[in-house]
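J.: My questions are about this predicted structure, shown below with the sequence.
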Amino acid sequence: MRILVCEFVTGGGMPPDAPIPASLAREGDLMLRALVADLLEVPGVEVTVTRDARLPPLPPQTWSAPVRSITVTDPRESWTLWEHLAREAEAVWPIAPETDGALERFSRMVEAAGRRLLNSRADAVAVASSKAATAAALSEAGLPVVPVRRVGTLGAGGPPWDGPWVVKPDDGAGCIETRLIHDRSEWDRWRGMADRSGFVVQPFQPGTPASLSMLCRDGRAWLLTVNRQTISLHDGSFAYGGGIVGGMVPSPALSGLAQGVAAALPSLFGYVGVDVIARPGGPMIVEINPRLTTSYAGLRRATGLNVAAAVLDLARDPPVPPKPVERTEPVLLTLEG
């Protein structure tokens, strides 16, 4: 099987007129290397990747078998190149952010080309790419989710809850532009600094930041690990620094959340990450990542499972469900240089 793997940040998706942030490139390479290594262990799989010319080439010893690497010299032509490569492949695995509709656009492109999309379908990506739409869908399904309001819909009174609050882009990924707002005066200053119509606000939820790494198909979920996240706060801005893959016990409540998310969005497929806040009163869902997350880089060591091979098995008709995770060895994952 010929598979195109496109990691958006390192594969030509970043604007051509600015350097690629080193932290984003490191995070992208972590996921790319882990995914391709897993795919190459599957008999008969051939992998093509794209690589931004502004980044060092991937060393040939990175993987156990040769990988076709296409250099992107002009990011303005990336989408044309990706569409061409997608039509050459039998399956496509995008790793792209939800920001500016990138992941949804990629998913629709693959679907239009008639190729196997090794990711959630575009309609699920469209919902999960919006914090507000995600909260509405999960709330309607009766799941515990942190409330969300679009900033552009709020009047002069501000959020309908007492502070503090968390503000972030509705289609943001990670902790980019995510801030803690303590009170009404700080809210007024933040809102008046720029156009905030594309942002959402949520009541701050004290607890332990965590994420679920799971596989999905047709409304079913297979929970792989529960990961403890490292989230720091500096001058009001949140930053994601990695965490411990498999660092928390998959309790019945968390397993129930995984099943509930898959049932609420049955077009979720393959690897899915769900950010949650673990609290004494029960976990609450923050958002859904309908794509590979950084935690993927530690899953093989943590579980012994080749997750990419498991996704290919789920893509079969009829699907082959993954084997249960029998043991978990916590793996520290850091994004520091």
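T.: Okay, I see it.

J.: switch to C-alpha atoms for all contacts and neighbour counts from now on
T.: Noted.

J.: Helix, strand or coil: sort out Ala156 for me.
T.: Look at Ala156: counting by DSSP: H, G, I helix; E, B strand; the rest coil, its state is coil.

J.: for Arg26, that is, sorry about that
T.: Under three-state DSSP, the three-state class of Arg26 is helix.

J.: ok, Gly260 touching Leu143?
T.: Yes. When contacts are counted by Cα atoms under 8 Å, Gly260 is listed as touching Leu143 (6.9 Å).

J.: quick one: which of those two has more around it?
T.: Using other Cα atoms under 10 Å as the criterion, Gly260 and Leu143 rank with Gly260 on top: 20 against 17.

J.: Return the set of buried residues in whichever strand or helix holds the more buried one.
T.: Counting by DSSP states H and E, the element that carries Gly260 is helix 252-264. Neighbour-count burial for helix 252-264 flags Leu254, Ser255, Leu257, Ala258, Gln259, Gly260, Val261, Ala262, Ala263, Ala264 (criterion: 16 or more other Cα atoms under 10 Å).

J.: Okay, now the unreliable bits of the protein?
T.: Filtered on pLDDT under 70, the chain yields the residue ranges 336-337.

J.: now the residue nearest to the spatial centre of it, nearest residue through space, not along the chain?
T.: For the chain, the residue sitting closest to the mean C-alpha position, by Cα atoms, centre = their mean, is Asn289 at 3.7 Å. Counting by Cα to Cα, 6 or more residues apart in numbering, Gly273 is the residue found nearest to Asn289 once chain neighbours are left out, at 4.9 Å.

J.: Can you give the contact residues for the helix or strand encompassing the one you found?
T.: If you go by DSSP H and E, Gly273 is part of strand 270-278. Strand 270-278 is contacted from outside by 118-120, 205-217, 258, 283-293, 311, 314, using Cα atoms under 8 Å, 6 or more residues apart in numbering.

J.: what does stretch 166-174 give?
T.: Residues contacting stretch 166-174 (Cα under 8 Å, 6+ apart): 97-101, 129-132, 150, 175-181, 198-204, 240.
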